[in-house]
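> Give me the fold of what follows.
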Amino acid sequence: MTEAPIMPLAEFAESFDRRAAEAPDWMFPPAAPPLPADALGLRFRVEDVLDTVVALQRAEWLQDGVFVGPRVMPQVHRELLDAARVLGVAVPPSIVGGDSLRSQGAYGTDARAFVKLSAYFAQSASPLERQFVIGRSMGLIAAQQVTPYTLYALLVDQSGLRSVARRNLGPVLEVVLAPLSLGVRIALARWHRAADISADRAGLLCCRDVGAAGRAMLRIALGVSPVVDPADYVEQVRRSKVDSGPSRWAEFLASHPWTHKRMQALELFAQSEVFATHTGLTPEGELLSKEELDRRTAAILGVV
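From the prediction side, this is the model:
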């Protein structure tokens with residue numbers, strides 16, 4: 001049997017019309033404009049720059065990674081197909097490499113995105129845990145948040161994007177980007193945390209298991225398979241009262257919501273009308289409306 005070719009980025013870009021796409025109903029409302037360049041008519045210029053930087057990073061990742069396909073990590077490939085079907089997006093090119101678990105996600109631009117997965121996670125995680133991580137990566141594509149998410153990573157120096165740009169484009173880039181880092185972090189950290197909650201919701205729609213989603217989060221946070229139940233972890237954090245004092249400032253500047261808050265937010269989502277509609281699963285108790293879900297989620301996050 002002949003292996004199907006990997007979809008080129010150009011073909012992926014032509015497989016859907018981003019202008020016709022509507023925001024998914026499972027999204028958590030962003031707390032800030034996703035891309036200030038939109039208002040200035042500069043979005044396509046920004047995307048051109050990101051395409052160049054991300055192409056360099058993708059080429060570097062591929063030196064020690066592989067494109068996922070029907071005969072290359074076929075189980076992961078099937079999970080990518082399932083996630084694309086659940087979320088209603090085209091299947092993007094996907095790379096598995098030996099990088100940090102925290103580097104997993106969708107990169108590029110909304111029309112030219114690719115998914116990056118860690119080999120350490122893909123090989124050791126359970127199928128449901130992989131489905132959660134793959135789903136949350138694809139959720140960024142479905143929500144059309146890849147461009148601002150990648151731009152944020154470049155400006156605040158996450159996931160290696162700025163380091164590869166620095167090596168290939170020269171130190172002058174740092175002169176421009178370094179002063180912007182703190183300002184961008186303060187201005188867009190709230191939006192970035194909200195985008196993470198949306199991505200988590202997409203991941204849960206794909207794996208349909210709150211426990212597996214929590215274990216995936218802990219595996220990424222700890223770097224190993226957690227020997228702790230996610231519910232016990234959340235209760236431990238509640239008792240320790242780590243959300244007071246200096247941690248509030250740290251949380252204000254954090255790119256991602258604290259893990260225990262993400263878990264609590266997913267528990268709420270699993271009790272919502274939106275989750276029941278998309279999955280056909282009916283949890284016990286009264287279902288939360290979209291408005292009540294977002295209100296309670298914002299109360300849990302606090303700084304968003």
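> what kind of secondary structure is residue 114 in?
Following DSSP: H, G, I helix; E, B strand; the rest coil, the label given to residue 114 is strand.
> What's the local residue count around the residue nearest to it when sequence neighbours are not counted?
Among residues not flanking residue 114 along the chain, residue 93 sits closest, at 4.4 Å (CB to CB, 6 or more residues apart in numbering). The C-beta positions use only the backbone N, C-alpha and C, and glycine is treated the same way. Residue 93: 21 surrounding residues under other CB atoms under 10 Å.
> So which residues of the stretch 101-250 of the chain form helices?
Per DSSP state H, counting those that start in this stretch, the stretch 101-250 of the chain carries helices over the ranges 119-124, 127-142, 146-156, 161-169, 172-207, 210-222, 230-240, 246-253.
> Show me what the third one packs onto, helices and strands only.
Read that as helix 146-156. Contacting helix 146-156 under the criterion 3 or more CB pairs under 8 Å, 6 or more residues apart in numbering; DSSP states H and E are the following elements: helix 43-63, strand 105-109, helix 161-169, helix 172-207.
> Now the weakest link among the helices of the stretch 101-250 of the chain, please, by mean pLDDT.
Sorting the helices of the stretch 101-250 of the chain by mean pLDDT places helix 161-169 lowest, at a mean of 59.
> check contacts around residue 98.
When contacts are counted by CB atoms under 8 Å, 6 or more residues apart in numbering, residue 98 is found next to 64-65, 118-120.
> And residue 80, its phi and psi?
Per-residue torsions, residue 80: phi -60, psi -40 (degrees, to the nearest 10).
> wait, residue 257
The phi/psi pair for residue 257 (degrees, to the nearest 10) is phi -60, psi 150.
> measure it to residue 70 for me?
36 Å (CB to CB, to the nearest Å).
> ditto for residue 209
Taking CB to CB, one finds residue 209 at 26 Å from residue 70.
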